[in-house]
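Asks: Structure of the sequence below:
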Amino acid sequence: MNQDQNHTDQDKNVPSSEEHAIPQADTMAEPEQQAPAETVTAKTGQNSADTISANDPQPAKNKTAIKVVGLMVVLLLLGLIAFGLWKSYQPKEVELQGRVEAETLHVSTKVPSRIEEVYVHEGQKVTKGQELVRLFSPEVDAKKQQALASLQSALALQSTAERGSQQENIDSLYANWQAMKAQEALAQTTYQRSANLFKEGVISRQRRDEVHAAALSAAQMTEASYQQYARAKRGSTPEQKTSADAQVDIAKAAVSEANALEAETKLLAPIDGTISKTYGKASELVAMGVPVVSIIQDDIWVSLNIREDQYAQVYKAKSLEGYIPALNQTASFKIKTIDAEGEFATIKTTRQTGGYDIRSFKLHLVPAQPMSDLKVGMSVLFKIKEAK
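Replies: Residues are numbered from 1 along each chain as shown. Below is the predicted model of the structure:
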């Protein structure tokens, strides 16, 4: 009975294990059933999306806009590259610095002297012929007095030569000639008498010869007195007049020299300009040739150095626009002259590098319009294009 019961119990237990096995099989079959379900769901979602895409045109527009923007960016980049290439081949603009210059004159004296008074100061405007400094030199004054005295003496001699002897002197010489003529006549008469007496044998030959010699001497003295009278009456010879004139010229030259030296004691402005510097004070000694005052000429210009490869651009322009930093002003300058610089300013080349020696040139530019504020030493900036 117990065994039957056990079998019965076992039989009862068997269906229960099958019952347990069936749910496990169902459990294993569920994923397989879920996978097709998910596939169906995905397909359904894709179809829904396609349906939505077909029904909504917004994504297509976005793609078109992106393409247009990209194309514009590419075109912009290409344009920038082309502009950069074009710009690189354009003439390069460089800035050159010039300097305002003017002629400086140094006023000095030819004679050692002492400063008596200075009439100007630094920075003062002066005109041509204006007195700047007065000097004092006693030696020059003494030399002038000596020259004037020599001139007076030469003029007196010249006047005497032109006028000849005075009338009183002429009359005196004439009277002397007449007296000598009387003595000559007496001597001749005495000689005739002596000759007659000698023939008669009254006097000796010696006595007759003495009387004859006295007669000849009287005749010669008469001739001498006549020549003196004739010379006084005729006046000076051309040679004497020429000599007197030459003496006057020498004296006048000495006076002119003294006046020139005296003029050196008054220092005058040779040009219109501005006083740059004074080098002495009152009562100080000044040596010969040492500057006393310096003057800057009003005629100013701008000096600018350029290379040979920049010459063509400047020469074609004939005038340049320059910026003056000190005045914060732009002005036009005309090219006045162009001079070649020395060999030291030449940029040498070699056979390996090719090319040619680049020389430098100096430009003198003058303002197109007068500029009273432009001063010596100011900088002027010019922009010049360099050819590639």
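
Asks: what's the spacing between stretch 308-322 and its chain's center?
Replies: 20 Å (CA atoms, centre = their mean, to the nearest Å).

Asks: What residues sit buried inside it?
Replies: For stretch 308-322, a neighbour-count test (16 or more other CB atoms under 10 Å) marks Q310, Y311, V314, L320, G322 as buried. No exception for glycine: its C-beta is placed from N, CA and C like everyone else's.

Asks: average model confidence for it?
Replies: Stretch 308-322 shows an average pLDDT of 82 in the prediction.

Asks: Would you mind extracting the C-alpha trace of that stretch into CSV?
Replies: What follows is stretch 308-322 as a C-alpha-only set of coordinates in CSV (Å, rounded to 0.1, in the frame of the first residue of the first chain):
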residue,chain,number,x,y,z
GLU,A,308,68.4,105.0,-57.3
ASP,A,309,65.5,102.6,-57.5
GLN,A,310,63.3,105.3,-56.0
TYR,A,311,64.5,108.0,-58.4
ALA,A,312,61.9,107.4,-61.2
GLN,A,313,58.9,107.7,-58.9
VAL,A,314,60.2,111.0,-57.4
TYR,A,315,61.4,112.5,-60.7
LYS,A,316,58.0,111.9,-62.4
ALA,A,317,56.2,113.5,-59.5
LYS,A,318,58.2,116.8,-59.7
SER,A,319,56.6,117.6,-56.3
LEU,A,320,56.0,115.7,-53.1
GLU,A,321,53.6,115.9,-50.2
GLY,A,322,55.3,116.0,-46.9
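
Asks: Which residue ranges of the stretch 51-200 of the chain form helices?
Replies: 58-88, 138-163, 167-200 (DSSP state H, counting those that start in this stretch).

Asks: L268 is nearest to which of those helices?
Replies: helix 138-163 (16.5 Å; CB to CB).

Asks: Low-confidence bits of the stretch 51-200 of the chain, can you list those?
Replies: 51-58, 89-91, 165 (pLDDT under 70).

Asks: and E264, which of the helices of the stretch 51-200 of the chain is closest to it?
Replies: Using CB to CB, the nearest of those to E264 is helix 138-163, at 7.8 Å.

Asks: elements contacting the closest one?
Replies: The contact analysis (3 or more CB pairs under 8 Å, 6 or more residues apart in numbering; DSSP states H and E) places helix 138-163 against helix 238-263.

Asks: what's the offset of the helix it packs on from the middle of its chain?
Replies: Worked out by CA atoms, centre = their mean, helix 238-263 lies 42 Å from the chain centre.

Asks: Run the angle between that helix and helix 138-163 for me.
Replies: 160 degrees (axes from the mean of the first three to the mean of the last three CA atoms, to 10 degrees).

Asks: What residue spans form the domains of this protein?
Replies: As given by automatic domain parsing, the domain ranges for the chain are 2-56, 92-103+298-386, 137-264.

Asks: Restricted to helices, list the buried residues of stretch 308-322.
Replies: Y311, V314 (DSSP state H).

Asks: Tell me the one among the buried residues of stretch 308-322 nearest to V202.
Replies: Closest to V202, out of all of the buried residues of stretch 308-322 and judged by CB to CB, is Y311, at 123.5 Å.

Asks: one step back: turn the domains of the chain into a markdown table, including distance to V126.
Replies: Putting those into a markdown table (distance: least, CB to CB, whole Å) gives the following:
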| stretch | distance to V126 |
| --- | --- |
| domain 2-56 | 95 |
| domain 92-103+298-386 | 10 |
| domain 137-264 | 18 |
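
Asks: for L374, phi and psi?
Replies: Phi and psi for L374, reported as degrees, to the nearest 10, are phi -70, psi 120.

Asks: my bad, A287
Replies: phi -80, psi 160.

Asks: For it, give its distance to E122.
Replies: Distance, A287 to E122, by CB to CB, to the nearest Å: 22 Å.

Asks: Same check on Q158?
Replies: In terms of CB to CB, Q158 sits 52 Å off from E122.

Asks: With neighbour numbers in mind, choose between these two.
Replies: Q158 (21 against 11; other CB atoms under 10 Å).
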